[in-house]
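In: Fold the following and give me the result.
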Amino acid sequence: MTIEIVDFDFDPDTLTIPVGTIVEWVNNDSFAHTVVADDGSFESERIETGDRFSFTFEEAGTFPYICGIHPSMNAEIVVEN
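Out: This is a model prediction of the structure:
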């Protein structure tokens, strides 16, 4: 599953997936961003324009996250069994 970072937004802002899914964030914005889970379960380095970050969700739950550089950017991953 892919989440696009564009125009200072995560698209989609809510993604529902089954356990074991790899999610990839692709930065199609003209600024660097990061992906930081509220609970600390995942965190990217700076994702420059054109770069990607991926994470495999191994547990069910709801995982809100933000851009650590631009905290007004927020979204969530819902992982279901």
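In: drop to CA atoms for contacts and neighbour counts, all remaining ones
Out: Fine.
In: Isn't residue 47 up against residue 33?
Out: Yes - the pair residue 47 / residue 33 is scored as a contact, 5.3 Å apart, by Cα atoms under 8 Å.
In: Please say which of the two ends up with more neighbours.
Out: Between residue 47 and residue 33, counted using other Cα atoms under 10 Å, the more crowded position is residue 33 (27 against 20).
In: can you pull the contacts of the more buried one?
Out: Neighbour list for residue 33: 27, 46, 47, 48, 67, 68, 69, 70 [criterion: Cα atoms under 8 Å, 6 or more residues apart in numbering].
In: Turn these into CSV, including distance to residue 21, secondary structure and pLDDT.
Out: Formatted as CSV, the contacts of residue 33 follow (distance: Cα to Cα, whole Å; DSSP: H, G, I helix; E, B strand; the rest coil; pLDDT from 0 to 100):
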residue, distance to residue 21, secondary structure, pLDDT
27, 19, strand, 98
46, 22, coil, 98
47, 21, strand, 98
48, 23, coil, 98
67, 21, coil, 98
68, 23, coil, 98
69, 26, coil, 98
70, 26, coil, 98
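In: Now for residue 47 and residue 33: what residues contact both?
Out: By Cα under 8 Å, 6+ apart, the residues touching both residue 47 and residue 33 are residue 27.
In: Alright, calling it a day.
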